[in-house]
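>>> sequence unknown, structure follows:
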């Protein structure tokens, strides 16, 4: 295991190419659920959890069912390992989104059964996550960067941490903003976007980090 | 609601980007140039229109409990078609839009319109709704991209407009510029709307 590469991936996912502020994924919950610190933390935890799970599951699906390799399960079963492996990568989008939707439902049921306390705090955020593009985004990103299993898991987890960091920072700022005198037309989402722009500018400083 | 109003509501009154604020991820990420905005806007328009038609056609056959997964499969099918067409016919555009073509599948406008409109209305009305909303989305993207490309690169659709002496404000085609532009534009439309209502 190469810990250095995992470290580089982690720093990259949290700071350098932060999911919200530089990759523009998961903007809807970022603006929608960042009004209070508590709900921002809850949403962040749910996203970290689902993104790690989704990274692992979609990586396995891609590697064992869709990619044209000798290890493709469908190729071994239906073609008995003869001929060239089929290239099913065009089914990527449709299979990933179905798997993610099912996974979110499943996670919701498991949490409800095992930990009612956690369910009460995460419950309302879980259904929202299916249409959070950060989850599908991280799955596609893992494939595009041809990460290994462990690298995908770390990237999924750390991207979730980066999302949570941005969300919690934003929620803290917006709670303070309640007291500020904002022009009427700019109240709510517009000023939140401008703040996000300034935060994104600040995070731009991390782009200068030379790692690896 | 009259048929003309059904079509026109997506353009301004219920504009998905400026008024409803749905599906903002691709808006922010791919509005770096007018060219990308047109590509992304037309891809979304196509998916929205097709999914509205199909969802409206099957609305009586789908049981209520599994409607969301069914809608997602319909949408994902059209997104896959768009992905393949883009990669085949417009490889350069497909490369610069990247994963955001696949991510149309989780764009809230499309599932939102399927759930809120197409699953309750006739095919003809759904077509008008899809066209209006899709055009409204594409138009909003083009407006944002116009500001960003002119300020950040000094060009519009690749044509230089501000002359040699203009020093491009590069920040506008980078990520902070996207947030700033959309923030000020939403603020402007809020102000415009309140003025319009006050004048009535």
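Nice, I can see it. Everything numeric in this text was worked out from a predicted model, so none of it was measured.

>>> make it CA atoms for all contacts and neighbour counts henceforth
Will do.

>>> which residue lies farthest from the center of the chain?
Going with chain A. residue A:82 (37.7 Å; Cα atoms, centre = their mean).

>>> right idea, wrong chain: chain B
Distance to centre of chain B, Cα atoms, centre = their mean, peaks at residue B:165 (33.8 Å).

>>> which stretch of helix or strand covers that residue?
Under the assignment given by DSSP states H and E, residue B:165 is not contained in any helix or strand.

>>> What's the separation between it and chain A?
To chain A, residue B:165 is 26 Å away according to Cα to the nearest Cα, to the nearest Å.

>>> so residue A:16 touches residue A:207, yeah?
Yes: under the criterion of Cα atoms under 8 Å, residue A:16 lies in contact with residue A:207, with a separation of 5.1 Å.

>>> Enumerate the residues of chain B near chain A.
With Cα under 8 Å from any Cα of the partner chain as the criterion, chain B meets chain A at residues B:22-26, B:28-29, B:69, B:72-73, B:76-77, B:79-80, B:84, B:99, B:102-103, B:105-108, B:175-180, B:182-188, B:190-191.

>>> buried subset of these?
By neighbour count, with 16 or more other Cα atoms under 10 Å in any protein chain shown, the residues of chain B next to chain A hold B:22-26, B:28-29, B:72-73, B:76-77, B:79-80, B:99, B:102-103, B:105-108, B:175-180, B:182-188, B:190-191 as buried.

>>> What parts of chain A come near chain B?
Counting by Cα under 8 Å from any Cα, chain A sits next to chain B at A:21-28, A:90-91, A:93-94, A:97-98, A:101, A:130-133, A:136-137, A:140-141, A:184-187, A:189-194, A:196-201.

>>> top helix in the chain by residue count?
Using chain A. Criterion DSSP state H: the longest helix present in chain A is helix A:149-177.

>>> could you do chain B instead?
Under DSSP H, chain B gives helix B:123-153 as its longest helix.

>>> and after that one, which helix or strand comes next?
Per DSSP H and E, the helix or strand that comes after helix B:123-153 is strand B:155-156.

>>> Just checking, which helix or strand succeeds that following strand along the chain?
strand B:159-160.

>>> which residues are contacting that following strand?
Under the criterion Cα atoms under 8 Å, 6 or more residues apart in numbering or on different chains, residues residue B:154 lie in contact with strand B:159-160.

>>> Just checking: what are the partner strands of it?
Its sheet considered, strand B:159-160 pairs with strand B:155-156 (antiparallel) by DSSP bridges.

>>> now for whichever helix or strand residue A:92 is part of, which elements pack on it?
Here residue A:92, judged by DSSP H and E, is contained in helix A:92-114. If contacts are counted by 3 or more Cα pairs under 8 Å, 6 or more residues apart in numbering or on different chains; DSSP states H and E, helix A:92-114 sits against helix A:37-61, helix A:116-122, helix A:126-129, helix A:133-144, helix B:67-89.

>>> residues making contact with that helix?
Outside helix A:92-114, the residues that touch it by Cα under 8 Å, 6+ apart are A:50, A:54, A:57-58, A:62, A:66, A:118-119, A:123, A:126-127, A:129-130, A:135-136, A:139, B:69, B:72-73, B:76-77, B:79-80, B:102, B:105.

>>> The closest residue to residue B:146 other than its chain neighbours: neighbour count?
Nearest non-adjacent residue to residue B:146, counting by Cα to Cα, 6 or more residues apart in numbering or on different chains: residue B:34, 6.0 Å away. By other Cα atoms under 10 Å in any protein chain shown, the residues close to residue B:34 number 24.

>>> Was I right to think residue B:34 contacts residue B:152?
No: Residue B:34 lies out of contact with residue B:152 (Cα under 8 Å); the separation is 11.8 Å.

>>> just to revisit the earlier point, just give me how far the very next helix or strand once past the longest helix of chain A sits from the chain centre.
As assigned by DSSP H and E, the chain's next helix or strand after helix A:149-177 is helix A:189-204. Relative to its parent chain, helix A:189-204 has a centroid offset of 20 Å by Cα atoms, centre = their mean, to the nearest Å.
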